[in-house]
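# Could you look at this predicted model? Sequence included:
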Amino acid sequence: MSHPFDHGPSLLLDKPLCITGFMGARVDATAKAIAALSGLPVLELDRQIEHDSGKSIAHLVLREGQDKRRLLERAALDKALSGRPRVIALGDGALLDPRSAVAVSQRARLVYLEWSIIELSAAVRERLAESPGRYPELPGADHISALGLQPLLQERLPGYLRADLSVPGKGRPPWALAREILAWLEPQLA
């Protein structure tokens, strides 16, 4: 017997919705806002990797290397794409792995939160001030400039450009981005 206040999501996904963007682009916050507005379940891929491995992302990157992180990331992503459709917040480099990029393009919808490199460098500095060590792939403070981050963004850009939808992110709160993404998504599910 259902309770009179029980309810499910306001829309049902036919396949997962993956949110991606460069570090500092508020991918996790936007994915959570989509989940809050729609009632859909959400999974943060980096948190899932930490849960599955019992190690922090920083530990994996600094002690075991990016290759180990990407291997665990691919396994967690494959599991997430195989489960019930949900919102998945991808790590900023998840699409660097060619198999992960193909899996997302074949089995999910992909949304890219697009920011300029100037905006991203400011956001990364801000996030690092709040949480030092947040981005272990950045070897030093000299890389937290537009010029220093540019090679990382260029490396990730081909994966981001696979997106079904690109949404300008800077200056907009996650809930506003979430509303735009949901407005785009709803007609596709009708």
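Happy to help now that I have it. Please read these numbers as outputs of a predicted model, since none were measured by experiment.
# So Leu71 versus Ser131, what's the distance?
Leu71 sits at a distance of 25 Å from Ser131 (criterion: C-beta to C-beta, to the nearest Å). For glycine as for every other residue, the C-beta is placed from the backbone atoms N, C-alpha and C.
# more neighbours, these two?
Leu71 (15 against 9; other C-beta atoms under 10 Å).
# Who are the contact partners of the more buried one?
Going by C-beta atoms under 8 Å, 6 or more residues apart in numbering, Leu71 touches no other residue.
# what do you get for Ser56?
Glu50.
# Distance of Arg162 relative to Leu11?
Distance from Arg162 to Leu11, by C-beta to C-beta: 23 Å.
# now do Leu153
32 Å.
# How about Lys79?
23 Å.
# So for the two, which residue has more residues nearby?
Applying other C-beta under 10 Å to Lys79 and Leu11 shows that Leu11 carries more neighbours, namely 15 against 12.
# Surely the more buried one forms part of a strand?
No - applying DSSP: H, G, I helix; E, B strand; the rest coil, one finds Leu11 to be coil, outside a strand.
# just checking, it touches Leu185?
Yes - Leu11 lies in contact with Leu185 (C-beta atoms under 8 Å); the separation is 7.2 Å.
# The lengthiest strand in the chain pairs with which strands, parallel or anti?
The longest strand of the chain (DSSP state E) is strand 109-114. The pairing partners recorded for strand 109-114 under DSSP bridges are strand 17-20 (parallel), strand 165-168 (parallel).
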